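Asker: Mind folding the following:
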Amino acid sequence: MPLVTNYDPSIPTEAEIKLSAESSRTLATYLNPGKTTQAFRVTAADGSEQEVVIPATALHLLVDILTHIAAGDAITLNPIHAELTTQEAANLLNVSHPYLIKLLENRDISHRQVGKHRRVRYTDLVAYKQQSYQRQSAALDELVTQAQELEMGY
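Answerer: Numbering: from 1, shown residues only. Take a look at the predicted model:
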């Protein structure tokens with residue numbers, strides 16, 4: 001059965017928020033950096049039980065999802081291998097569509113042409129985001145250093 005990730009997210013109900021908060025706290029206690037898998041005993045509504053073994057990365061993702069739902073956020077999943085339209089990529093980076101096009105044309109972010117349309121790999125967006133964050137962090141560090149040298153009281 002294929003994973004359906006292209007659904008319209010909805011705002012969680014109060015009951016879903018409460019249940020997600022409880023579930024995320026409980027599952028978070030099982031997060032263990034040294035383990036690559038984690039086994040759980042799942043009890044279905046009909047009372048039947050089954051042991052389920054899931055990868056540690058999936059457990060981390062599940063805890064993150066539940067935490068966002070507990071905060072009242074609507075969420076979606078995007079597979080890492082996904083190729084996005086330029087509008088989807090702009091939305092993910094929280095920039096305007098014209099700005100993203102400039103980044104693509106300047107080759108700041110890799111992309112490929114599919115007919116007349118551009119497609120951007122999710123991994124390329126994540127790499128750009130990390131590089132951008134590192135540049136911003138370095139610039140802020142430089143500003144702090146200058147402020148301290150000038151004894152500006154920061």
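Asker: other SSEs contacting the helix or strand of the chain with the lowest mean pLDDT?
Answerer: Within the chain, no helix or strand scores below strand 37-43, which has a mean of 86 by mean pLDDT, DSSP states H and E. In terms of contacts (3 or more C-beta pairs under 8 Å, 6 or more residues apart in numbering; DSSP states H and E), strand 37-43 is packed against strand 49-55, helix 56-70. C-beta here means a position set from N, CA and C on the backbone, and glycine is covered the same way.
Asker: Could you identify which of the ones you listed is most buried?
Answerer: helix 56-70 (a mean of 16; mean count of other C-beta atoms under 10 Å).
Asker: following that one, which helix or strand shows up next?
Answerer: Sequence order places strand 83-84 as the next helix or strand after helix 56-70, per DSSP states H and E.
Asker: who does that next one pair up with?
Answerer: Sheet pairing of strand 83-84 (DSSP bridges) gives strand 117-121 (antiparallel).
Asker: What lies in contact with the partner strand?
Answerer: Residues outside strand 117-121 that contact it (C-beta atoms under 8 Å, 6 or more residues apart in numbering): 81-86, 88-89, 101, 104, 109-113.
Asker: just stretch 38-48 next, same as before
Answerer: Contact partners of stretch 38-48, identified using C-beta under 8 Å, 6+ apart, comprise 30, 32, 49-54, 56, 59.
Asker: buried ones in that stretch?
Answerer: Using 16 or more other C-beta atoms under 10 Å as the test for burial, stretch 38-48 gives Q38.
Asker: Any idea how far it is from the middle of the chain?
Answerer: Between the centre of stretch 38-48 and the centre of its host chain there is 28 Å, according to C-alpha atoms, centre = their mean, to the nearest Å.
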